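Student: The sequence and its predicted three-dimensional model are supplied below.
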Amino acid sequence: MAPKNALYPGSFDPVTSGHINIIERGAQLFDEVVVAVAVNSAKKPLFTIEERVDLLKASLTHLTNVKVVSFDGLLVDYLKNNDLHFVIRGLRAISDFEYEFQIAHLNKRLDKEMDTVFMMTSEEYFYVSSSIVRELASFGGDIHGLVPRPVEEALIKKFKKIG
């Protein structure tokens, strides 16, 4: 049987404990999970692409079947170029599903070989988003447990520089 590898794309600005939860669970389902940090020209990120890749790597050292990369362009092109056929998407709420459902069908139209696997985040993280974490951190709020330790340290340092 061919190995089953999956791609988990996102901007991860910053990676949250909810993201880590999805990655850990995906790593149990697939032989390998490629976490792909996307360059999104429509967003102005807090962390550079290199910083986001490094923070993910530092947060995922306990998972041997996960690798972290960055990519720019269409998701389906990355999948085709890397012989990947599964995409993992995390869901927190109904609104996430509506958006992800549309994207999954568009991607399937562009690449009939790919499939999207939706995973519900664990209930302790369903309210956590990167934007909420960024805002909380910008005001010096307690982000412990909402993000992995390397990310917590990087956010504190980043907002000390900005502030």
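Tutor: Ah, there it is.
Student: all helices for this structure, in order.
Tutor: 17-29, 49-59, 75-81, 94-110, 130-138, 149-162 (DSSP state H).
Student: Now distance to residue 4 and mean neighbour count too, for the ones you listed, in a markdown table please.
Tutor: The way it works is simple: take the backbone N, C-alpha and C, and place the C-beta from them, glycine included. A markdown table is the format used below for the helices of the chain (distance: least, Cβ to Cβ, whole Å; neighbours: other Cβ atoms under 10 Å):
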| stretch | distance to residue 4 | mean neighbour count |
| --- | --- | --- |
| helix 17-29 | 8 | 19 |
| helix 49-59 | 21 | 19 |
| helix 75-81 | 13 | 17 |
| helix 94-110 | 18 | 13 |
| helix 130-138 | 28 | 17 |
| helix 149-162 | 28 | 15 |
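Student: right, so of the ones you listed, which gets closest to residue 124?
Tutor: Evaluated with Cβ to Cβ, these place helix 17-29 nearest to residue 124, the distance being 8.1 Å.
Student: Summarise which helices and strands the closest one is packed against.
Tutor: Packed against helix 17-29 by the contact rule (3 or more Cβ pairs under 8 Å, 6 or more residues apart in numbering; DSSP states H and E) you find strand 5-10, strand 32-38, strand 86-91, strand 115-120.
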